[in-house]
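> heads up, no residue letters with this:
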């Protein structure tokens, strides 16, 4: 249950406030995976150095520093994407800390720890990609990819029900969409558990 | 006792050096890409302004102003053979999350909204009055126009 809650909080913090474009989502999710991997590697190093009570503050500090480095890498690749995303990078930082801190290293099983962080990040990223794609398709009838000049828009045939409107692309709709997905998933899981 | 102190000192030095090292890398990253990213952004804006206004403007300098909007606004002094103006890049948060928008402040002291920098490949579409599609309503746009004008006057740009 705890794991599910964290998954939900991480989702809400990254997926809801960000602009509903797949291109932005791809960058944020790449950031999440890379920050998670590097910070968990550094966490293992700190564990080996036996830093004791400094562990959590160091982990937070590491995540923030890695976020700044990632933000600068994105700014180098595409300054306009970085300008647009700005605050969302720090939401990635928050989510990344949630992911890495909820899993504890048990009896020096470092490989298992790394594997579970990577597994969770990848699972979340696939869900995130699906969510961003759905949001963009419904709102703009397109999919986008991050390029140096900003976003490359790939137009796809629109369904008349989903006429491009700011209501579909709004943060409120993203929250409703997230709620619908969670209801469907939990209903499916309940049915599976019963049967 | 000595052993304990030694252990504690090692622990503190590991923490201190790892923090210092991370700050150093982050600082280096910020400094290393500053000029390159600014050049890239200027080149892109010049191209966009030319497509939108139908005439070429060269970006002379980035104007640094310290106001409460500094994080969301970037001012550029632009110039061509005929006139000088100011291009304003603003990150506006509407109903659909943050979007970057371009404004043009000319010699007549009027601020004009050019477009949302959504990078739709079709330039005509981008220049239409389509900011509502991006969650930016007219009232949000008016608020930002007033804020930009206030910042320009208070910052002593003109």
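Cool, the structure landed. Fair warning: this is a prediction, and the values are worked out from it, not measured in the lab.

> ok, and for the host helix or strand of residue A:137, which residues are buried?
Taking DSSP states H and E as the definition, one finds residue A:137 inside helix A:110-140. Applying a neighbour-count criterion of 16 or more other Cβ atoms under 10 Å in any protein chain shown, one finds A:113-114, A:117, A:120-121, A:124-125, A:127-128, A:131-133, A:135-140 buried in helix A:110-140. C-beta coordinates here come from the backbone N, C-alpha and C atoms, glycine included.

> strands of the chain, start to end?
The chain I'm using is chain A. If you assign secondary structure with DSSP state E, the strands in chain A sit at A:142-147, A:150-155.

> chain B, not that one
B:58-63, B:73-79, B:84-94, B:97-105, B:111-116.

> worst average pLDDT in those strands?
Within the strands of chain B, the least confident segment by mean pLDDT turns out to be strand B:111-116, at a mean of 80.

> could you list the buried residues of it?
Burial within strand B:111-116, assessed by neighbour count using 16+ other Cβ under 10 Å, is assigned to B:111, B:113, B:114, B:115, B:116.

> parallel or antiparallel, which strands does that strand pair with?
According to DSSP bridges, strand B:111-116 forms sheet pairs with strand B:97-105 (antiparallel).

> measure how far the partner strand is from the centre of its chain, please.
Strand B:97-105 has its C-alpha centroid displaced from the chain centroid by 9 Å (Cα atoms, centre = their mean, to the nearest Å).

> quick one: is stretch B:39-50 near chain A?
Yes. Stretch B:39-50 lies within reach of chain A by Cβ under 8 Å from any Cβ of the partner chain, at B:40, B:41, B:44.

> what sits against the residue nearest to the second one when sequence neighbours are not counted?
In space, and not counting its chain neighbours, residue B:41 is closest to residue A:79: 4.0 Å by Cβ to Cβ, 6 or more residues apart in numbering or on different chains. With contact set as Cβ atoms under 8 Å, 6 or more residues apart in numbering or on different chains, residue A:79 has these partners: B:37, B:38, B:40, B:41, B:44.

> residue B:9: neighbouring residues, count only.
Other residues lying near residue B:9 total 10 when counted by other Cβ atoms under 10 Å in any protein chain shown.

> can you tell me how far it is from chain A?
As defined by Cβ to the nearest Cβ, to the nearest Å, residue B:9 lies at a distance of 12 Å from chain A.

> count of neighbours near residue B:8?
For residue B:8, the tally of surrounding residues (other Cβ under 10 Å) stands at 11.

> how about the contacts made by it?
Applying Cβ under 8 Å, 6+ apart, no residues qualify as near residue B:8.

> can you check the pLDDT for it?
Among the per-residue scores, residue B:8 holds a pLDDT of 80.

> name the nearest residue to residue B:61, sequence neighbours excluded.
Spatially, and ignoring its direct neighbours in sequence, residue B:61 is nearest to residue B:77 (5.1 Å; Cβ to Cβ, 6+ apart).

> surely the one you found meets residue B:86?
Yes. Using Cβ atoms under 8 Å, residue B:77 is in contact with residue B:86, at 6.0 Å.

> quickly list what's touching both of those two.
Applying Cβ under 8 Å, 6+ apart, one finds that residue B:77 and residue B:86 are jointly contacted by residue B:63.

> which one's more surrounded, these two?
In this view residue B:77 and residue B:86 are compared by other Cβ under 10 Å, and residue B:86 has more residues nearby, 19 against 16.

> which residues touch the closest residue to that one other than its chain neighbours?
If the residues on either side of it in the chain are set aside, residue B:86 comes closest to residue B:105, at 4.2 Å by Cβ to Cβ, 6+ apart. In this structure, residue B:105 makes contact with B:85, B:86, B:87, B:88, B:111, B:112, B:148, B:149, B:152, B:158, judged by Cβ under 8 Å, 6+ apart.

> and which of the residues of stretch B:39-50 next to chain A is nearest residue A:156?
Nearest to residue A:156 among these, counting by Cβ to Cβ, is residue B:44 at 25.7 Å.

> leaving out the residues flanking it, which one is nearest to that closest one?
Among residues not flanking residue B:44 along the chain, residue A:149 sits closest, at 5.8 Å (Cβ to Cβ, 6+ apart).

> try residue A:16
If you skip the residues right next to it in sequence, residue A:16 has residue A:174 as its closest partner in space, 4.9 Å away by Cβ to Cβ, 6+ apart.

> quick one: the one you found and residue A:135 touch, right?
Yes. Taking contacts as Cβ under 8 Å, residue A:174 lies within contact range of residue A:135: 6.1 Å.
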